[in-house]
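Novice: Test case, fold it:
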Amino acid sequence: MKEIAPNIYVSTDYPGVNVGAIVLPEGVIAVDAPTLPQDARAWREQLVAATGVPILYVVLMDGHADRLLGAGFLEAPIVAVRAAYERASGYTDGFWRGVVEGWVRRYPHAADDLVGMRGALPEIMFTNDLTLHKGAGEITVQQVPGSAPGSAWIHVPEQDVLFVGDTVVVDRPPFLAAVPDSKAFLETLSVLRRTRFSKTVIVPGRGPICGQNDTKILSQYLALARRRMRSLYATGQTRPDLAPAVTELMSYFSIPADEHDLVQRQVKAGLDRLYEELRGDEDGGR
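Specialist: I've put the predicted structure just below:
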């Protein structure tokens, strides 16, 4: 756990997602939660011990399963954009079994905690933005077009820190398997490169803490992926061969050998989604 600005803590050490905490006078706003139960419990203990105040809310940056799995262990009301809740509430028992099996394969020591688990659902939902008040402190959570339904970010202007979830990831491809609108996602990345964010400390959903320049490679990746899928659609194939595009896009990042197969599947799933999105755009005449 590192204090990156007064009263703002971040950990990028847990497997799964980055987590953060904004400390208000009367309590902590937790930003996401570690995926593995033992990590979520440890994070909660660290926050309470370091701050001396309770966790008031857990704010999820989207409805990805990695965020939901450990959120309940922080023992506070869970907040998310309504679209994130709608996505998460549709996850089936079979889906959660697949998620748990994947994590058990990677972290067999966590099997006893994980077997039979389902992620916790948000309890407080909003559509555009939500301000959480407690005593003299407040933060605002804003819905943004990002990599998944219900993407959100939190800007703390006094310290100029921005929590963005998977809208920005570092040293790996962005998650696109559920992107609602890839063009709007590109526009959000462009917004992050405006002058007002020139000195902002960005806490990405995954990877090291970064700045606005780190969004450039994501924009390049996404723009290329859209071009490749548009070209494939133009050929009229119903089941196009995505392998060349997957290989080309994987080359944007140095992927550790033990993660290569997983990331490759994620890239392909993202391209499948983009192909369907762009086909829908064309069929709709847009």
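Novice: Let me know the secondary structure of Ile22.
Specialist: Per DSSP: H, G, I helix; E, B strand; the rest coil, the local secondary structure of Ile22 is strand.
Novice: Could you say which helix or strand holds the residue lying closest to it once chain neighbours are set aside?
Specialist: Spatial nearest neighbour of Ile22, excluding adjacent residues (C-beta to C-beta, 6 or more residues apart in numbering): Ile29 at 4.4 Å. C-beta here means a position set from N, CA and C on the backbone, and glycine is covered the same way. Under the criterion of DSSP states H and E, Ile29 resides in strand 27-31.
Novice: cool, Val267 as well?
Specialist: Short version, using DSSP H and E: Val267 is in helix 260-283.
Novice: That helix: which residues count as buried?
Specialist: 263-264, 266-268, 270-275, 277-278 (16 or more other C-beta atoms under 10 Å).
Novice: what does stretch 197-212 give?
Specialist: For stretch 197-212, the neighbour count (16+ other C-beta under 10 Å) marks Phe197, Thr200, Val201, Ile202, Val203, Pro204, Gly205, Arg206, Ile209, Cys210, Gln212 as buried.
Novice: Go through these and name the one nearest Gln159.
Specialist: Distance to Gln159, by C-beta to C-beta, is smallest for Val201 among the buried residues of stretch 197-212, at 7.7 Å.
Novice: Distance-wise, check the closest one relative to Ala50.
Specialist: Counting by C-beta to C-beta, to the nearest Å, the gap from Val201 to Ala50 is 19 Å.
Novice: cool, and Glu187?
Specialist: Applying C-beta to C-beta, the value for Glu187 to Ala50 is 37 Å.
Novice: Please apply the same query to Leu56.
Specialist: Going from Leu56 to Ala50 by C-beta to C-beta gives 15 Å.
Novice: Show me which of the two is the more surrounded one.
Specialist: Leu56 (21 against 14; other C-beta atoms under 10 Å).
Novice: element containing the more buried one, please.
Specialist: strand 55-59.
Novice: Measure how that strand sits relative to strand 27-31, angle-wise.
Specialist: When axes from the mean of the first three to the mean of the last three C-alpha atoms, to 10 degrees is applied, the directions of strand 55-59 and strand 27-31 differ by 20 degrees.
Novice: Let's verify Thr131: helix, strand, or coil?
Specialist: Secondary structure, three-state DSSP: Thr131 is strand.
Novice: contacting residues around the helix-or-strand element of the chain with minimal mean pLDDT?
Specialist: Within the chain, no helix or strand scores below helix 260-283, which has a mean of 88 by mean pLDDT, DSSP states H and E. Contacting residues not belonging to helix 260-283 are listed as 172-179, 181-182, 225-226, 228-230, 232-233, 240, 242, 245-246, 249-250, 253, 255 [C-beta atoms under 8 Å, 6 or more residues apart in numbering].
Novice: try 6 Å this time
Specialist: 173, 176-177, 179, 182, 225, 229-230, 233, 242, 245-246, 249, 255 (C-beta atoms under 6 Å, 6 or more residues apart in numbering).
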